[in-house]
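K.L.:
could you look at this predicted model? Sequence included:
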Amino acid sequence: MKKLLFAVTTALLFFASCTEGGDEPTPQNVKGDFIASFADPNATFDGKVAAWSEDDCLTIFSKNAQNFKYQVKALSDGGATATFGYVSATGSNSAAIASNFALYPYDADATISGNTITTKLAAKQTYSSTKGCRDYALMVAKSKDKNLAMTNVGAFLEFEISKTIADACTLRGIKISSAANRLAGSVTIDCGSEGYTATVASNGSKEIVLSGVNAKITSEAQSFYVAIPAGNFPKNSVTVTYVFAEGEKAVKLPAFSLTPGAVKTVTHQINNEMDYGKRSLSILFVGNSLTQDGIAYLPYMLKNYYPGVDFKIYMWYMGGYTMEQQYSNFTSSGVADIFSVAENNESWTNYSKSMTMKSVLEKYKFDIVCMQEYFNYKTSYTDCKDWNNCRNFILEHYKGGNDPEFISLLHAPLRKEGAAADVHTVYKRTKDGNALILKTTVSDDLIPFGIAVYNALSTDLNNLGDLKQLSPDGTHTQEGLPCLLQTYVALEWVFDRFDMDETVKGNPMRMTKAIYDRIKVPGANLGSGVVTGTDAQYTLAQDVAIKAYAEGKKFLQENL
């Protein structure tokens, strides 16, 4: 393991030495210069001796706990030492502190209480050919005077990538996901007398993405660094996805451990086209007609507008079923109302009353299973045993190899169940139920169809559909533009999952009766006909979907 000074924190506790002398430190007057060096003079960064640069900034808390920004004003010892001068201040004064504290990198929103610093760690890191992952490193110092010995609290992965084939390969980014460890989010750092410990909040992200690479891979290995936590990582708990312009490749890592300041090197050599193959998406949707509303047009859109995805989409359709009813059907060998298949085809192949869930699990392979609970039929929701029972049944009978990932679907809340329950009540129940699923199951992701539909009801899109609420019957979104609104959300999820430089904004597709007939929608909710809409309404639907997906990601992070 190579030593690396710059670092990132996680939900695990990392430990780094913190040497102090004397009794209670005395804080110095603010706005004077501070001198910062590295606690480990032999530390390296990206294979080079660690050094400050002129644009480096620190957050410094001194005397009154206000957040002060300091920037390098002079370098010495080849950058091993830097003089930092006062720039500005943010936040309000709070209770006095007894030491000077420093945080790198500078965070205008960072706060301190006693010996505890609260800051944040971004889940998205942008590649820099000159600075590596330096801007995402996290160091701290505590001092009785204005001399700061910055100490790291995390580690890095170094990815050495090369190729032996002549084909062009361009790396766009790297995605690291953890099944066990939180990797980013709100961070607290305890700078007590026993040493520094850092913790990412319990709702932190389990994924970090390095984007903006755009590097042509050659026969000579190139290194790319990603800041991750120190700690113990069990076998197969970390998945690395290399995102190439030509496709992507996902690999699982063996068990490894990282101490603060250490670097683990991971090598990846491209020896054939399968090592950077086309992006693949194989997903089974388990739900009812509300699931169909959201994904019926997804194969058509992927096939005709986003051919970079090798997709296989399957839908288990049981009309009006809750997960409790789904599980009862699974265990009694009941057949699906409709089992639909779209394998790199714009239209569905529909099998009615012919497939049991066990037979589906024996025949097909899935990377992801997305399950939808039917909250429209529930007046309250207190546990997720039915969701978990369905998941466990699928895992027990799945014959496709590696276990699939399980995620949840937040469906559209259109049903009005009498005078006491309008769409707002149903929407709140739907969101609360999905929050519980995220908190109490293994669901680590969410497709937020319902957020888009609910938000659309307060826009001009509410004029669409037989009932003028995007609906032909008060329950479903009508075929055409109302259903396409949800497909836009699904596409934003696909783009985000693959870190694709794509968006539905500006997509030219306009729903027509001819397209609808080709798609062969399973269990269609047609109403009086296909809603086509105006160009302005398609643009509005795209905007609503993009904003709803962003809101859904925030909802996801708040409830994981």
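P.N.:
Noted; the coordinates are in hand.

K.L.:
tell me where the stretch 201-350 of the chain has strands.
P.N.:
207-211, 215-216, 222-228, 231-233, 238-244, 247-252, 256-258, 262-270, 279-287, 309-317, 338-343, 349-352 (DSSP state E, counting those that start in this stretch).

K.L.:
any low-confidence regions in the stretch 51-200 of the chain?
P.N.:
93-94, 132, 193 (pLDDT under 70).

K.L.:
which stretches of the stretch 401-550 of the chain form helices?
P.N.:
In the stretch 401-550 of the chain, the helices defined using DSSP state H, counting those that start in this stretch lie at 423-440, 449-456, 481-497, 513-519, 535-559.

K.L.:
report the distance from the first one to the chain centre.
P.N.:
This means helix 423-440. 20 Å (CA atoms, centre = their mean, to the nearest Å).

K.L.:
average model confidence for it?
P.N.:
Mean pLDDT, helix 423-440: 87.

K.L.:
now do the second one
P.N.:
Averaging pLDDT along helix 449-456 yields 96.

K.L.:
what do you get for the last one?
P.N.:
Averaged over helix 535-559, pLDDT sits at 95.

K.L.:
now for residue 385, how many residues are close by?
P.N.:
Residue 385 is flanked by 13 other residues according to other CB atoms under 10 Å. C-beta: built from backbone N, CA, C; applies to glycine.

K.L.:
same thing with residue 258?
P.N.:
23.

K.L.:
can you tell me how far residue 222 is from residue 159?
P.N.:
Residue 222 sits 9 Å away from residue 159, going by CB to CB, to the nearest Å.

K.L.:
could you give the bridge partners of residue 60?
P.N.:
Taking DSSP bridges as the rule, residue 60 bridges to residue 68, residue 102.

K.L.:
quick one, what contacts the closest residue to residue 215 other than its chain neighbours?
P.N.:
Nearest non-adjacent residue to residue 215, counting by CB to CB, 6 or more residues apart in numbering: residue 171, 4.9 Å away. Going by CB atoms under 8 Å, 6 or more residues apart in numbering, residue 171 touches 161, 213-217, 224, 242-244.

K.L.:
so what's residue 255 scoring on pLDDT?
P.N.:
90.

K.L.:
so what's it closest to, chain neighbours aside?
P.N.:
Residue 255 sits nearest to residue 235 (CB to CB, 6+ apart), 4.1 Å away.

K.L.:
residue 462 too?
P.N.:
Here the nearest residue to residue 462 in space, its sequence neighbours aside, is residue 469; by CB to CB, 6+ apart that works out to 5.9 Å.

K.L.:
so that neighbour makes contact with residue 459?
P.N.:
No: when contacts are counted by CB atoms under 8 Å, residue 469 is not listed as touching residue 459 (11.5 Å).

K.L.:
centroid residue for the protein?
P.N.:
residue 207 (5.8 Å; CA atoms, centre = their mean).

K.L.:
helix, strand or coil for the nearest residue to it once chain neighbours are set aside?
P.N.:
Nearest non-adjacent residue to residue 207, counting by CB to CB, 6+ apart: residue 177, 4.4 Å away. Secondary structure, DSSP: H, G, I helix; E, B strand; the rest coil: residue 177 is strand.

K.L.:
and residue 177, what does it touch?
P.N.:
206-207, 238-239, 241.

K.L.:
recalculate using a threshold of 7 Å.
P.N.:
The contact partners of residue 177, by CB atoms under 7 Å, 6 or more residues apart in numbering, come to 206-207, 239.

K.L.:
could you dump the residues you listed to TSV with pLDDT and distance to residue 526?
P.N.:
What follows is the contacts of residue 177, written out as TSV (pLDDT from 0 to 100; distance: CB to CB, whole Å):
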residue	pLDDT	distance to residue 526
206	91	41
207	92	39
239	94	41
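
K.L.:
same list (those residues) but as JSON lines, adding distance to residue 43.
P.N.:
Putting these into JSON lines (distance: CB to CB, whole Å) gives the following:
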{"residue": "206", "distance to residue 43": "28"}
{"residue": "207", "distance to residue 43": "27"}
{"residue": "239", "distance to residue 43": "29"}
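
K.L.:
among these, which one sits closest to residue 82?
P.N.:
Distance to residue 82, by CB to CB, is smallest for residue 207 among the contacts of residue 177, at 33.2 Å.

K.L.:
do you know how far the closest one is from residue 366?
P.N.:
Residue 207 is 20 Å from residue 366, by CB to CB.

K.L.:
repeat for residue 524
P.N.:
Residue 524 is 24 Å from residue 366, by CB to CB.

K.L.:
check contacts around residue 289.
P.N.:
319, 476, 523, 525.

K.L.:
any idea how many residues pack against the last one?
P.N.:
I take that to be residue 525. 20.

K.L.:
was I right to think it contacts residue 476?
P.N.:
Yes: in this structure, residue 525 is within contact of residue 476 by CB atoms under 7 Å, at 3.8 Å.

K.L.:
now do the shared contacts for those two.
P.N.:
Shared contacts of residue 525 and residue 476 (CB under 7 Å, 6+ apart): 289, 293.

K.L.:
pull the contacting residues for the residue lying closest to residue 87 once chain neighbours are set aside.
P.N.:
Distance criterion CB to CB, 6+ apart; nearest residue to residue 87, sequence neighbours excluded, is residue 69 at 4.4 Å. Taking CB under 7 Å, 6+ apart, we find residue 69 in contact with 57, 59, 87-89, 106.

K.L.:
please check those residues and keep the buried ones.
P.N.:
Among the contacts of residue 69, those classed as buried by neighbour count (16 or more other CB atoms under 10 Å) are 57, 59, 89, 106.

K.L.:
farthest pair in these?
P.N.:
Farthest apart among the buried ones among the contacts of residue 69 by CB to CB are 57 and 89. That separation is 12.9 Å.
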